[in-house]
Structure formats: structure tokens, C-alpha cells
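Participant: here is a sequence with its predicted model. Questions after.
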Amino acid sequence: MTLRPIALRRSWMFVPGLDARAQLAGLDGGADALVADLEEFTRPEDRPAARLRIVALMRECRERRVVAAVRINKLDADGLADLDGVMPGAPDAIFLPHAESAAQIAALDAAITAREQALGLPAGRTEIIPTLESALGLVRAYDILTASPRVSACLLAAEDLSASLGAERAPDGLELHAVRARFLVDCTAAGCLPIDCPFNFRDAQALEADLRWARRLGLKSKCATFPEQVSQIHAVFTPQPDDVARARELVGRREADLAAGQPSPVDPPLYNTARRLLARHAEFEQWANAAQGVHA
């Protein structure tokens with residue numbers, strides 16, 4: 001399988017570790033990445049069985065060309081046992097909850113490395129994705145994200161982070177706007193993909209507004225907790241034909257005006273935004289062509 005590039009992973013669908021029906025619904029939802037959760041979505045007594053189920057789920061993800069990920073528990077809880085159970089399935093990425101220090105990431109890197117060696121997996125193939133869930137994790141974000149070359153992305157939590165901040169949650173998301181903006185800056189500086197916090201309300205109209213605000217800010221990837229959210233996430237975070245056509249028109253008009261030595265009505269901010277949209281569209285086209293060639 002040709003793994004979807006990290007920059008083109010728009011949706012990360014979280015599913016329980018042991019619930020095969022929920023896992024199937026998650027896969028059928030068409031998410032770019034499926035995250036089997038051994039922390040919040042799996043009871044401690046169910047974790048041994050869930051780890052076995054997740055090994056099979058990783059294979060099902062690869063058959064559907066879906067990025068396969070697992071959220072384990074903290075290493076000082078059940079995390080090491082989780083790794084022992086799921087690494088035979090060769091997950092593409094491991095999510096670490098409640099990340100608050102670079103030392104946690106270094107420890108996870110070492111634990112993954114030992115298990116890759118023992119299982120004969122390619123060295124360094126398993127990505128690490130920390131989850132920031134507290135004020136302390138947020139202020140240490142850059143150190144956390146640069147603690148290992150395995151760190152490819154980072155997830156911003158919603159509920160635990162809101163509790164840490166004492167914020168009042170609402171569908172408009174205003175309480176986390178400043179935090180999400182800061183998160184984007186930290187991830188960009190560290191060179192990893194920012195995965196926007198989940199939208200934990202069943203309100204399609206509010207989700208649409210939230211996604212468009214996130215895209216305006218510069219976010220391009222989001223955690224999903226309900227399968228029906230995936231199509232909305234993809235629609236907003238994927239350049240649509242009308243947007244591509246409009247961007248081509250703006251770029252062409254400004255470049256033609258400049259080539260003719262005359263002022264252009266297309267202002268530089270609009271021109272630069274249009275160029276970035278076209279570049280992202282080209283990335284999706286190249287990935288689709290490459291994937292089609294591999295599976296032809």
C-alpha cells in the first residue's frame with residue numbers, strides 16, 4: 001500500500017478498540033485515517049481483547065487504503081501493554097494521550113523502536129502523534145513535537161483541554177479559537193500536521209461554520225467522532241472544482257496583467273491564497289494518480 005501523505009490526511013476517525021460494528025461504520029464513512037482507541041473508548045477490562053481485535057483491524061484498514069492508527073494509554077498506565085498487543089498489526093501511527101513533556105515522546109520512541117526490531121518491522125516506520133490535552137501540554141508544544149523524528153502530526157483535544165482551561169463549551173467553538181490558532185503556529189513551526197480538535201456536537205450547520213473558520217485560519221485536518229462528519233470535513237478541506245476554477249482565473253488574470261506591465265485588479269493576498277489552493281489541489285491530483293497507478 002502507498003500510504004497517504006501526512007499533508008493529505010484530512011480526517012481522523014476515532015472508533016472504540018473492541019466494537020467491530022463501530023469500526024466498520026468508521027471505515028464505511030470514508031475517513032483518510034482510522035484511529036482505534038484503547039484509552040477513553042475502551043474499558044480497562046476489555047483492553048486485552050481489544051488489542052487482538054485491533055491487529056485484525058489494521059489489516060482491514062490497509063485493504064481499504066486507510067491510514068491505520070491506534071491511541072494507546074499513557075506509558076505509565078497500560079501503554080506498554082497496548083504496544084505489545086497492537087504492534088504485531090503494524091499500525092501506521094501511535095497516538096499518545098495527555099502529552100506534557102518531551103521525555104514522554106522519547107520514551108514512546110524507544111518503546112516503539114524495540115518492538116519494531118523484535119517484530120522485524122522497518123525501522124522508523126511507525127509515526128507518533130501526541131495529543132495535547134492540558135495547558136501544560138500546550139505551552140510545551142514545540143518541545144513535545146520536536147522530541148522525536150517519528151512525530152508526524154499532533155492532535156488538539158477538546159473536552160479535557162476545555163476542562164483544564166475552565167472553558168465553557170458551545171457549538172460555535174469560540175472558547176477554543178485562540179488555543180487552536182496557537183496550536184497551528186506551534187505545529188507549523190515544528191513541521192508537523194496540526195489535527196484540529198473534534199467537534200463533539202451533532203449539529204451539521206455548526207460543524208460547517210467551524211470547519212470554514214478552521215480552513216480560513218490555515219487548518220487542513222480534523223478529528224472526527226461521528227462517521228457522518230467525515231464527508232463534511234473532506235468537502236471543506238479539499239479544493240472543490242468551483243474553487244479551483246476561480247483560483248485559476250485569479251492567478252491567470254494577475255499574471256497576465258503583470259506580464260503586460262499594467263496594474264492588476266487582483267490584490268496580492270487574493271493571488272497568494274489562490275496559488276496555495278492550486279498547489280494543494282495539485283497535491284491531491286498527484287496522490288490520486290499515484291494511488292491509482294499502484295492499484296491498477
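Facilitator: Here it is on my side, so go on.

Participant: neighbours of Thr113, just the number please.
Facilitator: 16 (other C-beta atoms under 10 Å). Any C-beta I mention is one placed from the backbone N, CA and C, and that applies to glycine too.

Participant: any idea which element the residue nearest to it when sequence neighbours are not counted lies in?
Facilitator: If the residues on either side of it in the chain are set aside, Thr113 comes closest to Ala123, at 7.1 Å by C-beta to C-beta, 6 or more residues apart in numbering. For Ala123, there is no host helix or strand (DSSP states H and E).

Participant: with the one 5 residues further on instead?
Facilitator: In this assignment (DSSP H and E), Ile128 forms part of strand 127-132.

Participant: now do Arg59
Facilitator: Going by DSSP H and E, Arg59 is part of helix 47-63.

Participant: what's the following helix or strand after that helix?
Facilitator: strand 67-71.

Participant: quick one: low-confidence residue ranges for the stretch 151-296 of the chain.
Facilitator: Residues of the stretch 151-296 of the chain meeting the criterion pLDDT under 70: 294-296.

Participant: show me where the stretch 151-296 of the chain has its strands.
Facilitator: 153-156, 193-195, 222-224 (DSSP state E, counting those that start in this stretch).

Participant: avg pLDDT for the strand holding Ile128?
Facilitator: This predicted structure assigns strand 127-132 an average pLDDT of 98.

Participant: then stretch 11-19?
Facilitator: The model assigns stretch 11-19 a mean pLDDT of 97.

Participant: list the residues that contact Phe183.
Facilitator: 132, 138, 141, 154, 156, 194 (C-beta atoms under 8 Å, 6 or more residues apart in numbering).

Participant: try it again with 7 Å
Facilitator: 132, 141, 156, 194 (C-beta atoms under 7 Å, 6 or more residues apart in numbering).

Participant: hmm, Ile105 and Leu75 touching each other?
Facilitator: No. Using C-beta atoms under 7 Å, Leu75 makes no contact with Ile105, being 10.3 Å away.
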